[in-house]
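Enquirer: Sequence below, structure please.
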Amino acid sequence: MSTSDRLLLLLHIGFAIFTLGPLTAATMATPRYIRARNVTVVRYLNRATRVYGLATLGVLLFGLFLARDRFDEVWLSASMTLFIVSLVLLFIVENDQRKSAHLMETAAAGESAAAGTGDGDGEEKPAAAARTDDVAQVQRGRIAAISGVVALLWLVILVLMVWNG
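Expert: Residues are numbered from 1 along each chain as shown. Below is the predicted model of the structure:
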């Protein structure tokens, strides 16, 4: 293995460690903060997903440079395909994070407006409270499911790389 190949391998592994780990942590923590209705943290996790998601392209890029003469190997093509599938799934997660933050902000604005226009007797409206408890429930479930699938895809890629590399 030449020095340039070793440098590419070092960059490939470094990008994988320092981007995939934080990206997985950000996507898997998001449903907890959606449930807690913490818009600030969900926005931060959305930004982290976007930044680390773009940085994971470095993993793919350095992997492509490393595999320049070996594209005919099935495990390598399977790894790259799974990686691209995981990036597409991460795009869906990022979109759901953004949408859930917007829904939580809208619900919070609606609650504060409803609290300001109360009839003064101090009673809450149970129907409105029940509806606002389920804010971004669909996005929360989809983010949890997809981030688990993405983590599983990365583990499959890791096994393929270690087993055949």
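Enquirer: Locate A115 within the secondary structure: which element?
Expert: Using DSSP states H and E, A115 sits in helix 74-116.
Enquirer: same deal with L7?
Expert: Counting by DSSP H and E, L7 is part of helix 3-15.
Enquirer: tally of neighbours for M80?
Expert: By other CB atoms under 10 Å, 16 other residues sit near M80. C-beta here means a position set from N, CA and C on the backbone, and glycine is covered the same way.
Enquirer: helices and strands of this structure: which one bottoms out on pLDDT?
Expert: Within the chain, no helix or strand scores below helix 126-133, which has a mean of 50 by mean pLDDT, DSSP states H and E.
Enquirer: can you tell me the average pLDDT over the helix or strand following it?
Expert: Sequence-wise, the next helix or strand downstream of helix 126-133 (DSSP H and E) is helix 137-164. Mean pLDDT, taken over the full extent of helix 137-164, equals 95.
Enquirer: Quick check: which ranges of this protein have low pLDDT?
Expert: Applying pLDDT under 70 to the chain flags the ranges 117-133.
Enquirer: For R98, grab the count of nearby residues.
Expert: Neighbours around R98, by other CB under 10 Å: 17.
Enquirer: Nearest the geometric middle of this structure, what residue?
Expert: T27 (3.6 Å; CA atoms, centre = their mean).
Enquirer: Isn't that one up against V149?
Expert: No - taking contacts as CB atoms under 8 Å, T27 lies outside contact range of V149: 10.5 Å.
Enquirer: what's the overlap in contacts for those two?
Expert: Common neighbours of T27 and V149, counting by CB atoms under 8 Å, 6 or more residues apart in numbering, are absent.
Enquirer: The nearest residue to L23 once chain neighbours are set aside and L87, how far apart?
Expert: Of all residues not flanking L23 in the chain, Y52 sits nearest, at 3.9 Å (CB to CB, 6 or more residues apart in numbering). As judged by CB to CB, to the nearest Å, Y52 and L87 stand 11 Å apart.
Enquirer: Okay then, goodbye and thanks.
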